[in-house]
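A.B. asks: Structure for the following, please:
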Amino acid sequence: MALSVWRVAVIALAAVAALAVPGTAAAAPSGVGYDVSYPQCRTDLPRERAFAVVGVNGGLSTRANPCLREQLVWAWNSSGAVEEQPRAQLYLNTANPGQVLDQVTTWPEGGSTPYGNCDGRNTAACSWQYGWERAENSVVSFFTPAARAARVDSRPSRYVWWLDVETVNTWQFGSAEARENNRATLEGMTEYLLDRGAEVGIYSTHEQWSQIVGEVGDDSVLAGLDSWLAGSVTSRQAAAACAEDPLVPGGQVALSQYVRDELDRNRSCR
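C.D. replies: Numbers count the residues shown, from 1 in each chain. Presented below is the predicted three-dimensional model:
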């Protein structure tokens with residue numbers, strides 16, 4: 001996403017017209033969407049876009065995107081030309097550092113979860129709690145203040161939230177138990193967002209998803225979530241990717257990402 005080349009409602013925008021908006025780059029086809037985050041701070045953003053997905057975090061779930069306020073304004077000023085895609089969407093960085101607990105200060109010490117009680121160890125229960133807390137921190141500490149400062153809708157329920165699942169972040173590896181723990185983290189994040197009425201989806205490639213999470217059962221809260229597929233480098237490849245299987249059972253491929261002119265572009269698959 002913002003870290004690599006593999007990389008909803010409409011509100012009145014009159015209130016944001018006087019705010020500083022990032023510079024705008026050359027025009028693009030009217031049906032194209034873009035995703036941006038902290039690497040695009042103080043750069044010219046596309047002038048014409050149908051929709052936009054903004055990264056809430058600054059590369060890690062514990063950090064904020066320093067340009068979140070400005071990029072939210074820019075996203076809400078998208079044209080909305082693709083009716084099935086909300087003009088302003090969001091994504092969160094994800095990770096599970098349970099295998100390196102001695103290097104982590106944000107690992108939970110307790111909590112009641114669907115996997116039982118968290119006791120501070122590297123377990124599925126604490127992995128779930130970690131995901132819940134990272135989503136909560138991203139929403140409460142990063143997104144809500146930035147959205148209010150930008151004078152755009154600050155209710156989580158008015159956005160699609162994509163979980164950015166990539167191998168460049170810290171994950172557990174090497175066993176089925178590691179994948180279960182990773183899956184639990186994403187379930188915790190999803191549960192937090194769903195409890196606030198938000199729509200949730202997953203951004204990844206099939207290869208990375210297989211390494212990090214593996215198969216998802218029909219009883220998981222991840223089942224049925226829409227997929228945003230990365231990995232294409234041309235618009236034609238992105239169009240073909242729309243016909244691929246979703247990342248989880250019961251879901252649909254909603255977006256397909258490709259890269260052009262060093263910008264992450266997206267086409268709607270709906």
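A.B. asks: how far is the lengthiest helix in the chain from where the chain is centred?
C.D. replies: Of all the segments of type helix in the chain, defined by DSSP state H, the longest one is helix 176-195. Using C-alpha atoms, centre = their mean, to the nearest Å, the mean C-alpha position of helix 176-195 is found 14 Å from that of the whole chain.
A.B. asks: same for that helix, what does it pack against?
C.D. replies: The helices and strands touching helix 176-195, judged by 3 or more C-beta pairs under 8 Å, 6 or more residues apart in numbering; DSSP states H and E, are helix 124-137, strand 160-164, strand 199-204. C-betas here are computed from N, CA, C, even on glycine.
A.B. asks: Averaged pLDDT, the shortest one. What do you get?
C.D. replies: Mean per-residue pLDDT for strand 160-164: 98.
A.B. asks: tell me the angle it makes with helix 124-137.
C.D. replies: Relative orientation of strand 160-164 and helix 124-137, computed by axes from the mean of the first three to the mean of the last three C-alpha atoms, to 10 degrees: 130 degrees.
A.B. asks: Can you list the strands that strand 160-164 pairs with?
C.D. replies: strand 88-93 (parallel), strand 199-204 (parallel) (DSSP bridges).
A.B. asks: possible to save those strands as CSV with mean pLDDT and mean neighbour count?
C.D. replies: Shown next, in CSV, are those (pLDDT from 0 to 100; neighbours: other C-beta atoms under 10 Å):
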stretch, mean pLDDT, mean neighbour count
strand 88-93, 98, 25
strand 199-204, 98, 24
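A.B. asks: Out of those, which is closest to Asn122?
C.D. replies: strand 88-93 (20.2 Å; C-beta to C-beta).
A.B. asks: ok, and what's touching that closest one?
C.D. replies: By C-beta atoms under 8 Å, 6 or more residues apart in numbering, the residues outside strand 88-93 that reach it are 1, 8, 35, 37, 51-57, 59-61, 72, 75-76, 78, 134-135, 138, 143, 152, 159-164, 169, 189, 203.
A.B. asks: hmm, try it at 7 Å
C.D. replies: The contact list for strand 88-93, computed with C-beta atoms under 7 Å, 6 or more residues apart in numbering, reads 1, 35, 51-57, 59-61, 72, 75-76, 78, 135, 138, 143, 159-164, 169, 189, 203.
A.B. asks: try stretch 94-107
C.D. replies: The set of residues external to stretch 94-107 that reach it, using C-beta under 7 Å, 6+ apart, is 61-62, 122, 126-127, 130, 163-165, 169-172, 181-182, 185-186, 189.
A.B. asks: Name the nearest residue to the residue nearest to the spatial centre of the chain, sequence neighbours excluded.
C.D. replies: Taking C-alpha atoms, centre = their mean as the criterion, Tyr91 is the residue nearest the geometric centre of the chain, at 2.3 Å. Using C-beta to C-beta, 6 or more residues apart in numbering and skipping residues adjacent in sequence, the residue nearest Tyr91 is Trp162, 4.0 Å away.
A.B. asks: For that neighbour, grab the count of nearby residues.
C.D. replies: By other C-beta atoms under 10 Å, 27 other residues sit near Trp162.
A.B. asks: and if you look at Gly111?
C.D. replies: Close neighbours of Gly111, defined as other C-beta under 10 Å, add up to 18.
A.B. asks: Surely it touches Cys118?
C.D. replies: Yes: using C-beta atoms under 7 Å, Gly111 is in contact with Cys118, at 4.3 Å.
A.B. asks: Overlap in contacts, the two.
C.D. replies: Applying C-beta under 7 Å, 6+ apart, one finds that Gly111 and Cys118 are jointly contacted by Gln129.
A.B. asks: So which residues of the stretch 1-150 of the chain form helices?
C.D. replies: Counting by DSSP state H, counting those that start in this stretch, one finds helices in the stretch 1-150 of the chain at the ranges 68-76, 124-137, 144-150.
A.B. asks: What is the second one packed up against?
C.D. replies: The elements that helix 124-137 packs onto, with contact taken as 3 or more C-beta pairs under 7 Å, 6 or more residues apart in numbering; DSSP states H and E, are strand 111-113, strand 116-118, helix 176-195.
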